[in-house]
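Peer 1: Just need the structure, nothing else, for what follows:
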Amino acid sequence: MLRHLRMTLPIAAILGCVTVAFAQPLPPDASYRPLPSAPLADVKAADEAQKAEVMRLQRVLLEERLDLSDRASGNTMMSGKRKRVQDGVRVKLRQGATWESLANLTPDEIRDRGLLPAGFLPLPHVKQATGGQVFPNNQIDEIGRQEQRNLRRFDVDFDLPDHLTPEFPPPIFLTSHPELGDVSHGQLLTIKNYYHLMVGLLTPVQIEGLRLLLTPFPQEEFNQTEDRKSADQSLGVTCLDCHSNFHTNAAFHQTPDVRPQAARFRLDTVSLRGLFNQQIHGSKRSLRSIEDFTQFEQRTAYFNGDHVSAQRKGVNLPDRFDQVPMMAQMQNIINFPPAPKLLPTGRLDPSKATQQELAGEQVFLGKGQCAVCHVPQTSFLDNNMHDLHLERFYRIGQTANGLVMLPDGPIKTFTLRGIKDSPPYMHDGRLLTLADTVEFFNLVLGVKLTQQEKESLVAYMLAL
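Peer 2: Below is the predicted model:
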């Protein structure tokens, strides 16, 4: 089947008087990344020439699917108090559809009439045929300022507006020092400042783990080879380049676990808060310990799951019995942000919560079926993987900017603690707000929530 699912991209686009050749998706039987076939200078010139058109096509797709406007909440702040949470449903409906009418249709009817909102479909990488890690500008600028290390690619830019991403830099909360609150002091942790910020708070083992998590190592697009995507030879990237301050900055890449290239879905950076309560890691890999995750990411997230490319570019192989446990110990003391309205049981404190939040909790536990997977007593997750079978609602094989729409398959349950800090949502960041996620699951699970129940559910999640 996959041999018939190639995306037909335009072979050329005219940018002024410049004719630009676009890369086709890798052939269906390609498991390994191709070796470079042209000098870096030629590839860079071609990439730079087509960059404006690549970004335009992604912007068109995003604006067709989503309302990208800045509609911040009047009073709901993220945990660091530096950024307001975005309000409202941003997914655009198909012409003539309403959320109420969609909820009354069967999945087959929605599929056959082509009524599934495009914003509910998998979101392609900004440059699907190439893929790789893409960082937001605030991360690029701060790393450049502190370390003089360049995380900017010459072929693509980050594709979402800053107001739709997490606050930067995010606060850091430690299980070992809950009395201190945010220990970041408003700064981004880097190899330049980590010791000054953390000495006296961490053990020697944790400090060494932190150093390793902040040390740049070669990565597919940022390295010394001629097929990199950074203008200058690069030391590489660090674990916390994506997981800024152990949270997320919305950087993305592609899942390393799927081939061919046209079928590899976009993968949004997940927060590392609360890893001490998580028993599986990786959106699809179901890794069973943070040690496994820390070790395997050096060839998966860093090198697209291609050990051949990793060896050629200089893979970092942290020692399993020495370095990996230190890195894991550091990650395992990162706490969730405070949630003053939650009791130790994970339930709302009736003396502190509003009536709307309490009503939302009842929807969450009951009609909405949210707690089936997001169990309050266990950090709002169940440590399982679930398949939503979204493909019931759309035709498999359609394409968008080079991504072939195939079933997502099982994806792990993500925690909802501190969820207001982590936009965009879903494993690929296709949903911009919590209101979008409520509409998504209302349709996919068929629970038929009223508008009042939807608003109460959003209010509840903002309190977690």
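Peer 1: Could you look up the SS state of Gln452?
Peer 2: The three-state assignment at Gln452 reads helix, by DSSP: H, G, I helix; E, B strand; the rest coil.
Peer 1: could you check the distance from it over to Lys341?
Peer 2: With the distance defined as CB to CB, to the nearest Å, Gln452 ends up 20 Å from Lys341. Backbone N, C-alpha and C define where each C-beta goes, glycine included.
Peer 1: So for those two, which residue has more residues nearby?
Peer 2: Lys341 (20 against 12; other CB atoms under 10 Å).
Peer 1: Per-residue pLDDT of that one, please?
Peer 2: At Lys341, the pLDDT value in this model is 98.
Peer 1: pretty sure it is touching Pro350, no?
Peer 2: No. Lys341 is beyond contact range of Pro350, at 9.6 Å (criterion: CB atoms under 8 Å).
Peer 1: buried residues in stretch 192-204?
Peer 2: 194, 197-198, 202 (16 or more other CB atoms under 10 Å).
Peer 1: Which neighbouring elements make contact with the helix or strand that contains Glu100?
Peer 2: For Glu100, the host element (DSSP states H and E) is helix 99-103. If contacts are counted by 3 or more CB pairs under 8 Å, 6 or more residues apart in numbering; DSSP states H and E, helix 99-103 sits against helix 434-445.
Peer 1: Contacts only, for the spatially closest residue to Asp408 that is not a sequence neighbour.
Peer 2: What sits nearest to Asp408 in space, not counting adjacent residues and going by CB to CB, 6 or more residues apart in numbering, is Leu390, at 6.2 Å. Leu390 makes contact with 120, 407-408, 444, according to CB atoms under 8 Å, 6 or more residues apart in numbering.
Peer 1: sorry, back to before: contacts for the following helix or strand past the helix holding Glu100 next, please.
Peer 2: As assigned by DSSP H and E, the chain's next helix or strand after helix 99-103 is helix 107-113. Under the criterion CB under 8 Å, 6+ apart, residues 102, 105, 115-116, 392-395, 443 lie in contact with helix 107-113.
Peer 1: Buried residues, helix 107-113. List them.
Peer 2: 107, 110-111.
Peer 1: Over to stretch 211-221?
Peer 2: 211-214, 216-221.
Peer 1: Mind putting the residues you listed into JSON lines with distance to Thr190 and secondary structure?
Peer 2: Formatted as JSON lines, the buried residues of stretch 211-221 follow (distance: CB to CB, whole Å; DSSP: H, G, I helix; E, B strand; the rest coil):
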{"residue": "Arg211", "distance to Thr190": "11", "secondary structure": "helix"}
{"residue": "Leu212", "distance to Thr190": "13", "secondary structure": "helix"}
{"residue": "Leu213", "distance to Thr190": "11", "secondary structure": "helix"}
{"residue": "Leu214", "distance to Thr190": "6", "secondary structure": "coil"}
{"residue": "Pro216", "distance to Thr190": "10", "secondary structure": "coil"}
{"residue": "Phe217", "distance to Thr190": "15", "secondary structure": "strand"}
{"residue": "Pro218", "distance to Thr190": "18", "secondary structure": "coil"}
{"residue": "Gln219", "distance to Thr190": "17", "secondary structure": "coil"}
{"residue": "Glu220", "distance to Thr190": "22", "secondary structure": "coil"}
{"residue": "Glu221", "distance to Thr190": "20", "secondary structure": "coil"}
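Peer 1: quick one: Gln323 and Leu210 touch, right?
Peer 2: No. Assessed by CB under 8 Å, Gln323 is found out of contact with Leu210, at 11.8 Å.
Peer 1: Tell me which of these two has more neighbours.
Peer 2: The neighbour comparison of Gln323 against Leu210 (other CB under 10 Å) goes to Leu210, with 25 against 18.
Peer 1: Excluding residues flanking it in the chain, which one is nearest that one?
Peer 2: Per CB to CB, 6+ apart, closest to Leu210 is Met330, 4.9 Å.
Peer 1: quick one, what contacts that neighbour?
Peer 2: 202, 206, 209-210, 213.
Peer 1: Out of the residues you listed, name the ones that lie in helices.
Peer 2: 206, 209-210, 213 (DSSP state H).
Peer 1: Just want the phi and psi numbers for His253.
Peer 2: phi -150, psi -150 (degrees, to the nearest 10).
Peer 1: Equivalent analysis for Leu267, please.
Peer 2: According to degrees, to the nearest 10, Leu267 has phi -130, psi 110.
Peer 1: In contact with it, which residues?
Peer 2: 252-255, 283, 427-428.
Peer 1: helix, strand or coil for the residue lying closest to Glu142 once chain neighbours are set aside?
Peer 2: Spatial nearest neighbour of Glu142, chain neighbours left out: Leu188 (5.0 Å); criterion: CB to CB, 6+ apart. State at Leu188, reduced to three classes by three-state DSSP: coil.
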